[in-house]
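K.L.:
Sequence and predicted structure are below.
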Amino acid sequence: MYGHVRSITGDEPIFMIKVSVYHPDLTLVDHAYTSEDGSYSIAVAAGETVTVRFDTHHSLTNADSWQPSLLTDVVTDDTAPLDRRLVPVGQFADTARGIDVLAAFLQASAVEGPEYAAHAVTRLSQIKQNTLFLQGVQAAVLRHFAEQPGT
């Protein structure tokens with residue numbers, strides 16, 4: 001599995017985004033970080049059905065810079081790239097991207113430890129959702145991370 005991660009605002013490559021691949025039961029298959037040109041590569045057997053999360057890592061300087069993104073039910077393949085565009089924190093996310101960001105945070109809530117929570121709170125508090133329902137989901141996910149130890 002390979003591809004590029006770029007910004008939705010200007011097509012710039014994003015360095016040091018953590019690309020994590022999970023089995024359907026959310027056990028980690030593997031992860032990699034994007035290089036300076038936004039590219040990544042992860043060895044995953046062809047034909048597997050996986051979930052892929054594109055996110056920052058709490059220990060990096062970009063931990064509060066980008067909203068996460070999630071793809072579920074991806075069938076792995078080395079013949080076509082799996083590219084993704086991320087929303088910068090503080091930017092408006094249209095409805096589809098807003099759902100994507102919230103789904104990524106929901107998945108992270110199931111697999112990440114408490115060190116993830118503080119950065120999740122920072123990023124979640126800056127999403128600009130455009131529907132009351134998504135604002136309610138955002139508030140619930142924000143409460144979840146805010147209640148974690150260390151936040």
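P.N.:
Thanks, I have it. Numbering: from 1, shown residues only.

K.L.:
Contact partners for the residue positioned nearest the centre of the chain?
P.N.:
Geometric centre of the chain, nearest residue: residue 68, 2.5 Å, by Cα atoms, centre = their mean. Neighbouring residues of residue 68 by Cβ atoms under 8 Å, 6 or more residues apart in numbering: 53-56, 86, 101, 104-105, 108, 123. In this view, the C-beta of every residue, glycine as well, is placed from N, C-alpha and C.

K.L.:
taking those residues one by one, which sit in strands?
P.N.:
Under the assignment DSSP state E, the contacts of residue 68 contribute 53-55, 86 to strands.

K.L.:
Now for the chain: which helix has the highest residue count?
P.N.:
helix 95-111 (DSSP state H).

K.L.:
just to revisit the earlier point, let me see the backbone angles for the residue nearest to the centre of the chain.
P.N.:
Torsion angles at residue 68 (phi, psi; degrees, to the nearest 10) stand at phi -80, psi 170.

K.L.:
and it, how far is that from residue 78?
P.N.:
24 Å (Cβ to Cβ, to the nearest Å).

K.L.:
How about residue 60?
P.N.:
27 Å.

K.L.:
Would you mind telling me which of these two has more residues around it?
P.N.:
Neighbour count, other Cβ atoms under 10 Å: between residue 60 and residue 78, residue 60 has more, with 15 against 12.

K.L.:
tell me the contacts of the closest residue to the more buried one other than its chain neighbours?
P.N.:
Using Cβ to Cβ, 6 or more residues apart in numbering and skipping the chain neighbours, the partner closest in space to residue 60 is residue 16 (5.3 Å). Counting by Cβ under 8 Å, 6+ apart, residue 16 makes contact with 33-34, 56-57, 60, 62.

K.L.:
can you give me the strands in the chain?
P.N.:
Using DSSP E, strands in the chain cover 2-7, 18-22, 28-33, 39-41, 49-55, 69-75, 84-86.

K.L.:
buried ones in the first one?
P.N.:
Along strand 2-7, the positions that meet the burial threshold by neighbour count (16 or more other Cβ atoms under 10 Å) are 2-7.

K.L.:
for it, what is the average pLDDT?
P.N.:
Mean pLDDT, strand 2-7: 97.

K.L.:
and that strand, what does it pack onto?
P.N.:
strand 39-41, strand 84-86 (3 or more Cβ pairs under 8 Å, 6 or more residues apart in numbering; DSSP states H and E).
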